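[1] The following block contains a protein sequence and its predicted model.
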Amino acid sequence: MSETIRRRAQYRRLAYRLEAWMRVRLWAQVLAGLILGVFAGLLLGPEAGLLPRDTAEIVGAWLAMPGSIFLSLIKMVLMPLVLSSIVLGLAASAADPAGLRAMGTRLALFVGITTLAAALLGATLGLTIAPGTLIDPATAEAVAGDTPVTADAAQDTPASNGRLGEIIQTAPELIVGLVPDNPLASAVQNEMLAIVVFGIFLGAAYVGSTNKTRLDPLLGVFEGLLEVSMTVVRWAMYITPYAVFGLTAQLLARLGLGSLAALGAYVGTVLAGLAILLVMYLLLIALLGRMSPARFQSAVGEAQLLAFSTSSSAAVIPLSIRIAVEKLGAPSSMAGFVIPLAATVNMAGTALYQAIAVIFVAQVAGVTLAPGEIAIIVLTLVASSIGAPGAPGVSIAILSGLIASFGIPPAGLVFVLGVDRFLDMARTSVNVTGDLAATRILAVRTRPKEQG
């Protein structure tokens with residue numbers, strides 16, 4: 001009897017130590033929520049068959065409620081958080097306008113080069129592995145059901161020259177559209193890029209002002225706005241593990257493992273591309289960031305887990321800022337400027353995914369894309385990925401429009417939709433890694449004497 005009591009006491013002490021250890025480590029709580037969510041989702045999924053399909057959907061919706069609340073809290077303060085972070089970040093750099101210009105130029109080069117490289121990598125993998133050829137077109141049509149595919153859509157595929165002419169013709173309008181004529185309307189419509197541009201103009205106006213003393217009250221408003229936003233974010237972080245658990249459980253309850261296994265070639269192609277892109281970021285950190293890849297990976301792991309779970313790079317902005325300052329050695333003013341901006345424009349993982357998805361859908365439909373068309377697709381993806389809102393599911397809207405513009409029958413899109421959430425989680429994690437890599441590299445390049 002005494003031996004049993006002693007063992008129970010040991011188990012209680014062990015449980016208490018484990019609880020105390022996890023209480024101060026958000027990444028451990030998130031990981032636990034992710035693992036438990038996988039098990040719960042499998043129990044609710046079609047393979048287990050423990051619950052009817054309709055009942056499993058209802059249970060999954062209730063489990064995902066903390067995740068929906070978490071995302072809503074983040075979205076509620078996202079606009080003021082991003083706007084105030086960018087304005088205050090630029091204002092803090094007012095004493096060194098030359099350094100500010102250099103930082104902006106380097107960030108633009110980083111985003112442009114890595115996004116172009118990711119889109120090219122995605123197109124290369126899609127053409128080389130050709131996962132779409134493994135699916136019979138007749139099967140795709142049967143699965144797609146009543147998807148409206150007209151003969152004209154399949155035959156009237158625009159020529160690459162015509163598509164290039166269209167892009168050149170509409171480019172001035174697109175560039176003008178980057179400047180929001182009504183920032184309040186852009187905020188209501190969740191147009192993140194417009195808010196970022198608005199914040200850059202406000203911050204640049206402060207930097208260029210000759211009488212900054214009169215603008216100090218305005219900066220005080222933005223400082224208060226940032227503080228209030230961060231307080232709400234801290235509240236949201238308390239429910240992060242529950243949010244991760246619920247969202248993961250709902251995902252697997254809907255899809256099950258069978259649907260993922262049926263698209264193994266396509267999923268594997270995308271994951272292979274994202275893995276290569278992640279390795280590229282680690283190499284850039286080693287070469288330009290003066291930091292060992294292992295140390296960098298250890299520092300950003302918490303942000304990667306949260307990004308993977310929420311499928312929203314925007315939702316990870318507050319955590320990414322903290323990691324950039326506390327673990328990557330970036331000044332708070334730089335992190336407050338670069339992270340929100342990078343979360344909006346640095347979407348290399350999304351560009352890679354969409355390149356593979358477009359080619360996959362074309363292969364399913366039996367459409368052969370000419371080299372010129374593939375080049376236009378890559379350039380279009382680079383342009384469309386930059387500024388895409390960092391929220392779940394946005395890339396599907398971009399992908400659908402691109403497929404339609406090239407006249408590709410959309411029958412294969414149903415397969416992409418089936419696994420989009422899982423791949424969205426993976427590419428969002430890589431996108432956030434790129435944001436933090438850019439911040440570390442810019443911090444080192446701006447302060448050459450810093451030792452990593």
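    Done, it's in. Here the structure is a predicted model, which is why all the values come from computation and not from measurement. Numbering: from 1, shown residues only.
[2] out of everything not next to it in sequence, what's closest to M79?
    With C-beta to C-beta, 6 or more residues apart in numbering as the criterion, M79 has its nearest non-adjacent residue at 4.8 Å, and that residue is A187. All C-beta spots, glycine's among them, are computed from the backbone N, C-alpha and C.
[3] Any figure for the gap between V270 and M103?
    32 Å (C-beta to C-beta, to the nearest Å).
[4] Looking only at neighbour counts, state which of those two leads.
    V270 (28 against 20; other C-beta atoms under 10 Å).
[5] ok, so what distance separates the more buried one from G132?
    Note on V270: its distance to G132, by C-beta to C-beta, is 12 Å.
[6] The stretch 51-200 of the chain: helices as residue ranges?
    For the stretch 51-200 of the chain, helices defined by DSSP state H, counting those that start in this stretch occupy the ranges 53-63, 65-92, 97-129, 137-144, 151-155, 160-177, 183-188, 192-208.
[7] The particular helix or strand that has A236 in it versus helix 192-208: what angle between them?
    Per DSSP states H and E, A236 falls inside helix 216-237. Here helix 216-237 runs at an angle of 140 degrees relative to helix 192-208 (axes from the mean of the first three to the mean of the last three C-alpha atoms, to 10 degrees).
[8] orientation of helix 216-237 relative to helix 65-92 in degrees?
    150 degrees.
[9] So which bits of helix 216-237 are buried?
    Of the residues in helix 216-237, those buried under the neighbour-count criterion (16 or more other C-beta atoms under 10 Å) are L219, F222, L225, L226, S229, M230, V232, V233, A236, M237.
[10] One more: stretch 104-122?
    Of the residues in stretch 104-122, those with enough neighbours to count as buried (16+ other C-beta under 10 Å) are 104, 106-107, 110-111, 114-122.
[11] Tabulate the CA atom coordinates of that stretch in PDB.
    Taking Å, rounded to 0.1, in the frame of the first residue of the first chain, the C-alpha atoms of stretch 104-122 are listed here in PDB:
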ATOM      1  CA  GLY A 104      13.900  49.500 -47.500                       C
ATOM      2  CA  THR A 105      16.000  48.800 -50.600                       C
ATOM      3  CA  ARG A 106      17.500  45.600 -49.100                       C
ATOM      4  CA  LEU A 107      14.100  44.400 -48.000                       C
ATOM      5  CA  ALA A 108      12.700  44.900 -51.500                       C
ATOM      6  CA  LEU A 109      15.700  43.000 -53.000                       C
ATOM      7  CA  PHE A 110      15.300  40.200 -50.500                       C
ATOM      8  CA  VAL A 111      11.500  39.800 -51.200                       C
ATOM      9  CA  GLY A 112      11.900  40.200 -55.000                       C
ATOM     10  CA  ILE A 113      14.700  37.700 -55.400                       C
ATOM     11  CA  THR A 114      13.400  35.000 -53.000                       C
ATOM     12  CA  THR A 115       9.800  35.200 -54.400                       C
ATOM     13  CA  LEU A 116      11.100  34.900 -58.000                       C
ATOM     14  CA  ALA A 117      13.300  32.000 -57.000                       C
ATOM     15  CA  ALA A 118      10.400  30.300 -55.200                       C
ATOM     16  CA  ALA A 119       8.100  30.600 -58.200                       C
ATOM     17  CA  LEU A 120      10.700  29.300 -60.500                       C
ATOM     18  CA  LEU A 121      11.400  26.400 -58.200                       C
ATOM     19  CA  GLY A 122       7.700  25.600 -57.900                       C
END
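[12] can you give me the mean pLDDT across that stretch?
    In this model, stretch 104-122 has a mean pLDDT of 89.
[13] Give me the distance from that stretch to the chain's centre.
    Put simply, stretch 104-122 sits 15 Å off its chain's centre (C-alpha atoms, centre = their mean, to the nearest Å).
[14] Stretch 280-296 now?
    Its chain's average C-alpha position is 20 Å from that of stretch 280-296, according to C-alpha atoms, centre = their mean.
[15] now the end-to-end length of that stretch.
    End-to-end distance of stretch 280-296: 13 Å, with C-alpha to C-alpha, to the nearest Å as the criterion.
[16] can you check stretch 364-374 too?
    As for stretch 364-374, its first-to-last residue distance stands at 16 Å under the measure C-alpha to C-alpha.
[17] Return the set of buried residues in it.
    Along stretch 364-374, these residues count as buried under the neighbour rule (16+ other C-beta under 10 Å): V364, A365, V367, L369, E373, I374.
[18] any idea which helix or strand carries the last one?
    Secondary structure assigned from DSSP H and E places I374 in helix 371-385.
[19] Check which helices and strands that helix is in contact with.
    For helix 371-385, the contact count by 3 or more C-beta pairs under 8 Å, 6 or more residues apart in numbering; DSSP states H and E identifies helix 97-129, helix 160-177, helix 348-364, helix 394-405 as packing neighbours.
[20] Lowest average pLDDT across the ones you listed?
    Comparing the helices and strands packed on helix 371-385 on mean pLDDT, the least confident stretch is helix 160-177, scoring a mean of 60.
[21] Low-confidence regions, the stretch 251-400 of the chain specifically.
    Within the stretch 251-400 of the chain, the stretches falling below the threshold (pLDDT under 70) are 251, 255-263, 383-398, 400.
[22] A194 contacts D181, correct?
    No. Judged on C-beta atoms under 8 Å, A194 makes no contact with D181 at a distance of 9.3 Å.
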